[in-house]
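Undergrad: the following block contains a protein sequence and its predicted model.
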Amino acid sequence: MLQIPFIRENKALVISRLAKRNIDATETVNAVIVLDEERRALQTELDNTLAESNAISKEIGVLYTSGQAEKAKGLKAKTSEFKETTKTLNEALNAKIEALNALLYTLPNVPNATVPAGNTDEDNVEIFREGAIPTLFDGALPHWELAKKYDLIDFELGTKIAGAGFPVYKGKGARLQRALIAYFLDKNTAAGYTEYQLPHLVNEASAFGTGQLPDKEGQMYHVTEDNLYLIPTAEVPGTNIFRDVVLNADELPVGITGYTPCFRREAGSYGAHVRGLNRLHQFDKVEILRVEHPDNSYKALDGMVEHVKGLLQELKLPYRILRLCGGDLGFTSALTFDFEVFSTAQDRWLEISSISNFETFQANRLKLRFKNSDGKNELAHTLNGSSLALPRVLAGILENYQTEKGIEIPEVLIPYTGFSIID
């Protein structure tokens, strides 16, 4: 959530930056400023009323002590009037705050200055590419056919058990999946991230804190009876560890990693590009999260990008990095870099990681603060990234490492799988 002082002091900047998201926020920003002025006026009036009421209460006490009971009784009638006025002002103030928050919840994060303008993913800007795209032999197959040929993943069985988008991993397919999870966690912890095992469901406050609510409620699985949500990413429970927390400056930065299954309804996703592992309702992902001092968060973002590059270099998968345009930027993000791996058999790029800096947007909702050098509480910056999302990494390995003799295993994974080829 954007901070009101920031909106008030940077009105033109907020409107122009949100225009990069193809949003004309002029009316909303103006309404926020007006409502905030009205809120502040009501708060001042309430504070003055309470101060006057307190002063009269003290005067009544003095009058009783000095034996001036009749005069004290006369002032008591005034305190009753103050109580009614205070009640009315409180109700008006709460209504104003509710209306103000309702508007603020509709405003996404302000894009960083480096975010390019654009409408769709076609306007994202490629900033880096590495790895040779292999030339496959005649008769090479897409991953869903390889999964069937080598009995690695049973999509039909998953449909029988739960529905489309819930694959069942088998044999060496399950072993390879487990190997990737262990490899990613080991690399993340070696880089200084503390491993956490996190809940797979969260309450409404947690979903609100990281911005899934009210923006993405239609994409989340909701357990209505208990009012819990299945997590779409480990970002949600992981970041909420720090909800309502005030850190000391010397506790920053904080870095955590965790593996979780992720659940997404993916409403409206159809077509050939959702085949196999391309788009699922349940999938595995390893996440990295950081809480940073505002002065260091963009340096930390660069470090996260380099870390994920290192994983893909070791896996020897061809990949590229995109700077997302305003129209493709997530609601809570100020700047996002997407990693995509090239699927040779499908002849297309597949997103495998998003690494984002949310600046204070999430921290403002979470009330995640730290004590700065002046001893005052200041909002921290939060960041997160996939390190990595497994389905499309697995698809890339199956397709790019296939040979006429079988599917070779990336060298760094062999200690985890215990085998070097799927045949």
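TA: Yes, it's here. Numbers count the residues shown, from 1 in each chain.

Undergrad: now the helices: where do they sit in the chain?
TA: 4-9, 11-18, 26-65, 69-104, 143-149, 155-161, 171-190, 204-209, 235-239, 297-315, 361-366, 390-400, 414-417 (DSSP state H).

Undergrad: distance to Y221 for these - can I get that in a markdown table?
TA: Heads up, the C-betas are built off the backbone N, CA and C, glycines and all. Shown next, in a markdown table, are the helices of the chain (distance: least, CB to CB, whole Å):
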| stretch | distance to Y221 |
| --- | --- |
| helix 4-9 | 33 |
| helix 11-18 | 30 |
| helix 26-65 | 30 |
| helix 69-104 | 25 |
| helix 143-149 | 24 |
| helix 155-161 | 16 |
| helix 171-190 | 21 |
| helix 204-209 | 11 |
| helix 235-239 | 12 |
| helix 297-315 | 27 |
| helix 361-366 | 21 |
| helix 390-400 | 18 |
| helix 414-417 | 30 |
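
Undergrad: any idea which residue of the chain is furthest from its center?
TA: Most distant residue from the mean C-alpha position of the chain: G67, 64.6 Å away (CA atoms, centre = their mean).

Undergrad: for the least confident helix or strand in the chain by mean pLDDT, name the packing helices and strands.
TA: Scoring the helices and strands of the chain by mean pLDDT, DSSP states H and E places helix 69-104 at the bottom, with a mean of 85. On a contact count with 3 or more CB pairs under 8 Å, 6 or more residues apart in numbering; DSSP states H and E, helix 69-104 meets helix 26-65.

Undergrad: what comes up buried for the helix it packs on?
TA: 28-29, 32, 35-36, 39, 42, 46, 49, 53, 60, 63 (16 or more other CB atoms under 10 Å).

Undergrad: which elements pack onto that helix?
TA: Using 3+ CB pairs under 8 Å, 6+ apart, helix 26-65 sits against helix 4-9, helix 11-18, helix 69-104.

Undergrad: return the most buried member of those.
TA: Mean neighbour count (mean count of other CB atoms under 10 Å) peaks for helix 11-18 among those, with a mean of 17.

Undergrad: and it, how far from the chain's centre?
TA: Helix 11-18 sits 22 Å away from the centroid of its parent chain (CA atoms, centre = their mean, to the nearest Å).

Undergrad: just to revisit the earlier point, I60 versus the residue farthest from the centre of the chain, what's the distance?
TA: Here the criterion is CB to CB, to the nearest Å. By it, G67 lies 13 Å from I60.

Undergrad: just A207 next, same as before
TA: 49 Å.

Undergrad: same check on I321?
TA: Distance from I321 to I60, by CB to CB: 70 Å.

Undergrad: still on that earlier bit, rank the helices of the chain by pLDDT, which is bottom?
TA: Among the helices of the chain, helix 69-104 has the lowest mean pLDDT, at a mean of 85.

Undergrad: out of the helices of the chain, nearest to S343?
TA: helix 390-400 (5.4 Å; CB to CB).

Undergrad: angle of that closest one against helix 171-190?
TA: Per axes from the mean of the first three to the mean of the last three CA atoms, to 10 degrees, the angle that helix 390-400 makes with helix 171-190 is 120 degrees.
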